[in-house]
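**Student:** Just the structure for this:
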Amino acid sequence: MKIALGCDHAGFNLREAVLNYLNSKKIECLDFGAKELNNDDDYPDVAFKVAYSVSEEEAGLGILLCGTGFGVAISANKVSGIRAMACNNIESAKSAKRHLNLNVITLGGRFVKPEEVAGILDAWLNTEFEGGRHLRRVNKISLKDGSVLSANVGDKLGRVVIFNHPLIQHKLGKIRDAETSSVQFRELLREITGLMVYEITRDFPLEEIEVTTPIAKTKAYAIKGKKLALVPVLRAGLGMLDGILRLAPNAKIGHLGLYRNPETLEPVEYFCKLPSDIAEREIMILDPMLATGGTATASISMIKKHGGQKISLVCLIAAPEGLSRVQKEHPEVNIFAAALDERLNEHGYIVPGIGDAGDRIFGTL
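**Tutor:** Numbers count the residues shown, from 1 in each chain. Okay, the predicted model is just below:
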């Protein structure tokens, strides 16, 4: 894990204590200064550098220091995806992480003594985000600032990303409508899935290549070393497949067959066929609904038994209950969704949800 660090002149007195703490924990530091005391510097300048480093995932977390911790927090929060707050004592650091999943902590040089730094940072780093209702609330904040929500931070924890792109949300509103026909539903599902995967693949590495245009040779780029496997969960996951294949036609395809026992709500396996080189591939499990989490966790377990390692779950709608179960049983798996809904009803359906995705795709209502 990398942590970005920045300070102005008023927070400079805490800088050495922070660096010593990070060194003692063997945490790599991206140091944005100030490295020398300059009473004329302006805290927004360094705050933006650290915030963008975290927002663009160059660093996993950020630490900012100023006189109060307030100015750098306000500045950092102007950057999409940042949740920054002044935590000048241990309890506020714990609470901010537990309820807000704080990804940038700010400390005030006028309020915090250097010897107090380690305790505050320990509290922040070692407290777990509770998720559940707090995840729903933080996601509502994220929807307002144009960002996506990363619920987890850490080398061994997967991300939870809720996409709020205007096109995705517009099409999601249509797909929720009970009056939407099966033909429209299928097309909307393909379109939303394609838009989501466009964002999911944003961090795929590139390599430079040479191509010849009709005019001259030039340098261009190609995705480096990423081999995809798409694994739809039968039957509803099939509705998401074409949306990805239009963008990644060389992906290999597997299939998982599970159905939910209507009494226990637990999954029952009946089919599994995966690419022979599944262990070498980036795997996307496709299932429109993450409800109880039973099917998702069983699907992930099945793929792991066949050697799959780099697994992401791509769904249209998620419920807090399903999200929590996947995170508990398979914490390293990335979860991508277009919406995080309120809850499950007594029948295990997501509220407000979209109904039974399989029935709506295939017209078997």
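
**Student:** Next up, the contacts around residue 295.
**Tutor:** By C-beta atoms under 8 Å, 6 or more residues apart in numbering, the contact set of residue 295 is 233, 258, 260, 267, 287. For every residue, glycine as well, the C-beta is placed using N, CA and C.

**Student:** Tabulate those (CSV), appending pLDDT and secondary structure.
**Tutor:** As requested, the contacts of residue 295 are exported to CSV (pLDDT from 0 to 100; DSSP: H, G, I helix; E, B strand; the rest coil):
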residue, pLDDT, secondary structure
233, 94, strand
258, 83, strand
260, 71, strand
267, 77, strand
287, 95, coil
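
**Student:** out of those residues, who has the most neighbours?
**Tutor:** Counting neighbours by other C-beta atoms under 10 Å, residue 233 leads those with 27 neighbours.

**Student:** I figured it was touching residue 286, is that so?
**Tutor:** Yes - between residue 233 and residue 286 a contact is recorded at 6.6 Å, counting by C-beta atoms under 8 Å.

**Student:** so where do the strands sit in the stretch 1-150 of the chain?
**Tutor:** Remark: strands assigned in the stretch 1-150 of the chain by DSSP state E, counting those that start in this stretch are 2-7, 28-31, 61-66, 84-86, 104-108.

**Student:** Tell me which helix or strand comes right after the least confident helix or strand in the chain by mean pLDDT.
**Tutor:** Of all helical and strand segments in the chain, the minimum by mean pLDDT, DSSP states H and E falls on helix 133-145, at a mean of 70. Later in the chain than helix 133-145, the nearest helix or strand by DSSP states H and E is strand 160-162.

**Student:** helices or strands up against that following strand?
**Tutor:** When contacts are defined as 3 or more C-beta pairs under 8 Å, 6 or more residues apart in numbering; DSSP states H and E, strand 160-162 packs onto helix 133-145, strand 334-337.

**Student:** With mean neighbour count and distance to residue 227 as new columns, can those be given to me in TSV?
**Tutor:** TSV is the format used below for the helices and strands packed on strand 160-162 (neighbours: other C-beta atoms under 10 Å; distance: least, C-beta to C-beta, whole Å):
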stretch	mean neighbour count	distance to residue 227
helix 133-145	16	31
strand 334-337	22	17
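
**Student:** want to throw those into TSV with distance to residue 280?
**Tutor:** Listed next are the helices and strands packed on strand 160-162 as TSV, based on distance: least, C-beta to C-beta, whole Å:
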stretch	distance to residue 280
helix 133-145	32
strand 334-337	18
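
**Student:** wait, which of the ones you listed is closest to residue 18?
**Tutor:** Proximity of those to residue 18 was assessed by C-beta to C-beta; the nearest stretch is helix 133-145, lying at 25.3 Å.

**Student:** just the helices in the stretch 1-150 of the chain please.
**Tutor:** 12-24, 43-55, 70-76, 90-100, 117-126, 133-145 (DSSP state H, counting those that start in this stretch).

**Student:** For these, give me TSV that also has distance to residue 199.
**Tutor:** Formatted as TSV, the helices of the stretch 1-150 of the chain follow (distance: least, C-beta to C-beta, whole Å):
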stretch	distance to residue 199
helix 12-24	31
helix 43-55	14
helix 70-76	23
helix 90-100	23
helix 117-126	28
helix 133-145	14
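
**Student:** Would you single out the least confident of these?
**Tutor:** Lowest mean pLDDT within the helices of the stretch 1-150 of the chain: helix 133-145, at a mean of 70.

**Student:** what about the strands in the stretch 201-350 of the chain?
**Tutor:** 206-212, 217-223, 228-234, 252-253, 255-260, 267-273, 282-286, 289-290, 310-314, 317-318, 334-337, 339-340, 343-344, 350-351.

**Student:** of the strands of the stretch 1-150 of the chain, which approaches residue 273 most closely?
**Tutor:** strand 2-7 (39.4 Å).

**Student:** For that closest one, name the packing helices and strands.
**Tutor:** Using 3+ C-beta pairs under 8 Å, 6+ apart, strand 2-7 is in contact with helix 12-24, strand 28-31, helix 43-55, strand 61-66.

**Student:** Would you mind finding the most buried of these?
**Tutor:** Ranked by mean neighbour count under mean count of other C-beta atoms under 10 Å, the helices and strands packed on strand 2-7 are led by strand 61-66, which reaches a mean of 28.

**Student:** so what secondary structure elements neighbour that strand?
**Tutor:** strand 2-7, helix 12-24, helix 43-55, helix 70-76, strand 104-108.

**Student:** Show me the one of the helices of the stretch 1-150 of the chain that comes nearest residue 30.
**Tutor:** The closest of those to residue 30 is helix 43-55. By C-beta to C-beta, the value is 6.0 Å.

**Student:** Skipping adjacent residues, who's closest to residue 250 in space?
**Tutor:** Among residues not flanking residue 250 along the chain, residue 228 sits closest, at 7.6 Å (C-beta to C-beta, 6 or more residues apart in numbering).

**Student:** Residue 202 versus the one you found, what's the distance?
**Tutor:** Distance, residue 228 to residue 202, using C-beta to C-beta, to the nearest Å: 14 Å.

**Student:** Same check on residue 123?
**Tutor:** Using C-beta to C-beta, we find residue 123 at a distance of 33 Å from residue 202.

**Student:** which one of these two has more residues nearby?
**Tutor:** Higher neighbour count among residue 123 and residue 202: residue 123, with 21 against 8, using other C-beta under 10 Å.

**Student:** show me the residues around that one that make contact.
**Tutor:** Counting by C-beta under 8 Å, 6+ apart, residue 123 touches 90-91, 93-94, 97.
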